[in-house]
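Colleague: mind folding the following:
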Amino acid sequence: RLPRRSPRSTASLSVTARGANALSAAAVGLFFVLRAAGDMLGEQSADGTQVRSAWPSWISPLGWGNQVRAFAGDRWWVLALPVALLLLGVAVAYALAERRDIGAGLIAPRRGPATGTPRLLSPAGLAWRTQRGTLLGWAVGVAVFGLAMGVAGDEFNAMIEQNPAAAEAINAMGGGANLIDAYLSAMLGLFALTLGAYVVQALLRVRGDEADGVLEAALATAVSRTRWLGTQVLAATLGAAALLLLAGLTTGLGYGLVTGDPLGQTVALGGAALLRLPALLVVAGVVTALFGLLPRWSVVLSWTALLVFLLLGQLGAVLELPQAALDLSPYTHVPSVPATDPAALPLVVLTTVAALLLVAGAAAFRHRDVPS
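Modeller: I've put the predicted structure just below:
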């Protein structure tokens with residue numbers, strides 16, 4: 001449960017931390033869509049440079065930074081908008097906290113059925129029940145963003161040719177000389193990095209179940225530790241694979257619709273996206289190993305590891321960091337398809353590393369106390 005008298009607005013609405021985080025994530029997703037819509041509907045110059053954003057960008061806090069127009073208008077007064085939103089949000093949060101019961105939320109939780117489905121008697125059924133809501137939310141966001149990024153690909157080439165620095169950065173991120181292929185590869189790489197957060201979120205449920213006593217009750221039945229943990233890992237990795245495939249398919253569909261080859265691009269980018277799966281398996285292995293070896297620190301260390309992977313895998317090449325540092329991220333070793341040709345050896349090595357980490361985590365979990 002959430003801390004008492006939490007000043008966050010979403011925390012006052014939902015009785016659980018999971019519900020509050022879901023509401024917050026939905027708000028961020030809505031703001032992102034509004035910002036993207038404002039940029040797409042805005043005015044552009046002949047060289048593709050953004051001249052004026054449409055009204056949806058003004059509704060989204062993510063679009064306000066662009067509205068300042070530093071060195072091209074200096075609209076400093078726009079900086080007052082986030083300050084005003086902060087003050088308003090804090091005031092609303094405290095007002096809501098004063099009007100709700102301690103330990104409760106303003107949105108009453110739904111009552112569950114009087115009897116549970118027989119599927120919940122198995123670890124697989126329980127894992128699906130606990131992760132399906134999160135998976136559905138991620139799927140909607142991935143589909144929307146993938147389609148938007150694919151449609152924007154047709155405009156990208158004309159826009160980026162006017163900005164050599166941006167073209168160099170995209171080539172570094174995408175790993176190829178062809179700008180549009182580098183763009184598509186970079187977008188798939190961004191999806192893979194983002195879906196690492198889904199893997200961490202899904203697998204850290206095991207730590208939450210342990211802390212809440214759910215795991216102890218489950219292990220009191222005929223379910224073994226290895227079976228229970230393996231089911232959770234399998235559910236998380238299958239969900240990540242499905243989301244990764246969805247990202248590739250929707251990006252390919254969006255790009256194919258504007259280029260006249262929807263089927264070909266959908267199939268090609270769907271396959272290219274799945275080549276990023278071994279990197280996500282390594283992320284799953286890291287989280288599992290931390291849960292087995294260092295359960296009390298697993299939450300902090302798992303998110304820290306993902307952040308390091310993200311910075312090294314996405315910004316390392318742009319910042320020209322040493323190759324030894326870049327190699328620490330599993331995303332560095334994934335072939336940048338379609339910008340480059342696929343290679344089997346890096347994928348095999350990543351899968352092997354992921355398997356070793358998973359085995360180490362499962363072995364440690366079998367021999368430690370529960371609850372930790």
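
Colleague: from what I can see residue 363 touches residue 289, true?
Modeller: No - the pair formed by residue 363 and residue 289 falls short of the contact definition of CB atoms under 8 Å, at 9.6 Å. Glycine gets a C-beta too; all of them are placed from N, C-alpha and C.

Colleague: show me which of the two is the more surrounded one.
Modeller: Ranked by neighbour count (other CB atoms under 10 Å), residue 363 and residue 289 place residue 289 first, with 24 against 13.

Colleague: got the residue ranges for the helices in the stretch 201-350 of the chain?
Modeller: Remark: helices of the stretch 201-350 of the chain, listed N- to C-terminal, are 205-212, 214-219, 225-259, 262-274, 277-293, 298-310, 323-326, 344-366; assignment by DSSP state H, counting those that start in this stretch.

Colleague: and the average pLDDT for the shortest one is what?
Modeller: Spelled out, that is helix 323-326. The pLDDT scores in helix 323-326 average 82.

Colleague: which positions in that helix come out as buried?
Modeller: Within helix 323-326, the residues that qualify as buried by neighbour count (16 or more other CB atoms under 10 Å) are residue 326.

Colleague: now do that helix: distance to the chain's middle.
Modeller: Centroid separation between helix 323-326 and its chain, computed with CA atoms, centre = their mean, to the nearest Å, is 24 Å.

Colleague: any chance you could list what contacts that helix?
Modeller: The contact list for helix 323-326, computed with CB atoms under 8 Å, 6 or more residues apart in numbering, reads 312, 313, 316, 317, 332.

Colleague: recalculate using a threshold of 10 Å.
Modeller: With CB atoms under 10 Å, 6 or more residues apart in numbering as the test, helix 323-326 has contacts from 308, 311, 312, 313, 316, 317, 319, 320, 332, 333.

Colleague: before we move on, the earlier item: got TSV for the helices of the stretch 201-350 of the chain, with distance to residue 64 too?
Modeller: Rendered in TSV, the data for the helices of the stretch 201-350 of the chain read as follows (distance: least, CB to CB, whole Å):
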stretch	distance to residue 64
helix 205-212	35
helix 214-219	42
helix 225-259	27
helix 262-274	32
helix 277-293	32
helix 298-310	24
helix 323-326	33
helix 344-366	39
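
Colleague: most tightly packed of the ones you listed?
Modeller: Compared across the helices of the stretch 201-350 of the chain, helix 277-293 shows the largest average neighbour count, a mean of 25 (mean count of other CB atoms under 10 Å).
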